[in-house]
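Undergrad: Would you be able to build a 3D model of this:
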Amino acid sequence: MGRYFFDVIADGELTTDEEGMILPDMASVRREVSLSLADLARDTVRREGCPRLAISVRNEDGPICEAVFQWGLETKH
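TA: Okay, the predicted model is just below:
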């Protein structure tokens, strides 16, 4: 068990997670960051069309992992 912090980076702007979340293991961390990024991407693209989003996960020892979503739309005609 550990406390993990999920910091959001949207177009270079960092929003720091001050509370964190207690999760039992790394599999739970990976699942949570994946689901959180998918939700964030869906909501953000609908509102703003943000091309790059990331969630950086850390614990008290430092960075653990980062999940990145990058979206682009190329017009052919």
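
Undergrad: And for Thr77, the neighbour number?
TA: To be clear, residue 77 is His; Thr isn't right here. By the criterion of other Cβ atoms under 10 Å, His77 has 2 neighbours. C-beta: built from backbone N, CA, C; applies to glycine.

Undergrad: and it, what pLDDT?
TA: Per-residue confidence (pLDDT) for His77: 80.

Undergrad: for it, what are its contacts?
TA: Applying Cβ atoms under 8 Å, 6 or more residues apart in numbering to His77 gives no contacts.

Undergrad: And the contacts of stretch 30-37?
TA: With contact meaning Cβ under 8 Å, 6+ apart, stretch 30-37 is reached by 4, 6, 21, 23, 53-55, 57, 65, 67-69.

Undergrad: Can you tell me the SS state at Glu18?
TA: coil (DSSP: H, G, I helix; E, B strand; the rest coil).

Undergrad: where does the residue most central in space within the chain fall, phi/psi-wise?
TA: Taking Cα atoms, centre = their mean, the centroid of the chain lies closest to Ile55, which sits 2.3 Å from it. The phi/psi pair for Ile55 (degrees, to the nearest 10) reads phi -120, psi 120.

Undergrad: Count the residues that sit near Leu53.
TA: Counted with other Cβ under 10 Å, Leu53 comes out at 19.

Undergrad: That one: what's its closest spatial neighbour, skipping adjacent residues?
TA: Leaving aside its sequence neighbours, Leu53 sits nearest to Phe69 (Cβ to Cβ, 6 or more residues apart in numbering; 4.6 Å).
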